[in-house]
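> coords below, sequence missing:
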């Protein structure tokens, strides 16, 4: 299915077969494509690039399609990787984290730091963190494949 080019987000680089590889939803997803392009919120004289997940309901392109600035996509990737690293060692803790020290890490970015922490405001955190950890374990093969691919690309780029 072709990603629309007549909407406010202007695709430049696309993956139009995303429904074939959308994790456990592959073959049965409304996420039909990914694109990098000119952001829909651009003003005259100001151009931002965004990443977009294109959703199609079967009848029309969905308003639930998500568009994110590239730095946020990368920030989410950093958050995912740091969380995965935590959960590799989380078995050490009775509740899969230290309630006395819920901050997992502070990652320096732009002169400050991104906090990575267990959400202790979640009243069901002890249940939810176990479900989260199990889901990470269940999806390990799929996530690992993507991380190995990302790692190879980053190494090839000199990072």
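Done, it's in. Because the structure is a prediction, the values reported are computed rather than measured.
> which parts of this structure are helices?
Here the chain has its helices, by DSSP state H, at 70-89, 125-138, 140-156.
> what sits up against the first one?
Applying C-beta atoms under 8 Å, 6 or more residues apart in numbering, the set of residues contacting helix 70-89 from outside is 36, 49-51, 68, 96-97, 104-105, 107, 109, 114, 116, 132-133, 136, 143, 147, 150. The C-beta positions use only the backbone N, C-alpha and C, and glycine is treated the same way.
> and the buried ones among the residues you listed, selectable in PyMOL?
Restricted to buried positions by 16 or more other C-beta atoms under 10 Å, the PyMOL selection for the contacts of helix 70-89 reads:
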select buried, resi 36+50+51+96+97+104+116+132+133+136+143
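> any chance of the helices of the chain in CSV, with distance to residue 14 too?
Below are the helices of the chain laid out as CSV (distance: least, C-beta to C-beta, whole Å):
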stretch, distance to residue 14
helix 70-89, 15
helix 125-138, 29
helix 140-156, 18
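> turn those helices into JSON lines, including mean pLDDT.
As requested, the helices of the chain are exported to JSON lines (pLDDT from 0 to 100):
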{"stretch": "helix 70-89", "mean pLDDT": "95"}
{"stretch": "helix 125-138", "mean pLDDT": "95"}
{"stretch": "helix 140-156", "mean pLDDT": "97"}
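> which of the ones you listed sits closest to residue 5?
Of all these, it is helix 70-89 that lies closest to residue 5, at 19.4 Å by C-beta to C-beta.
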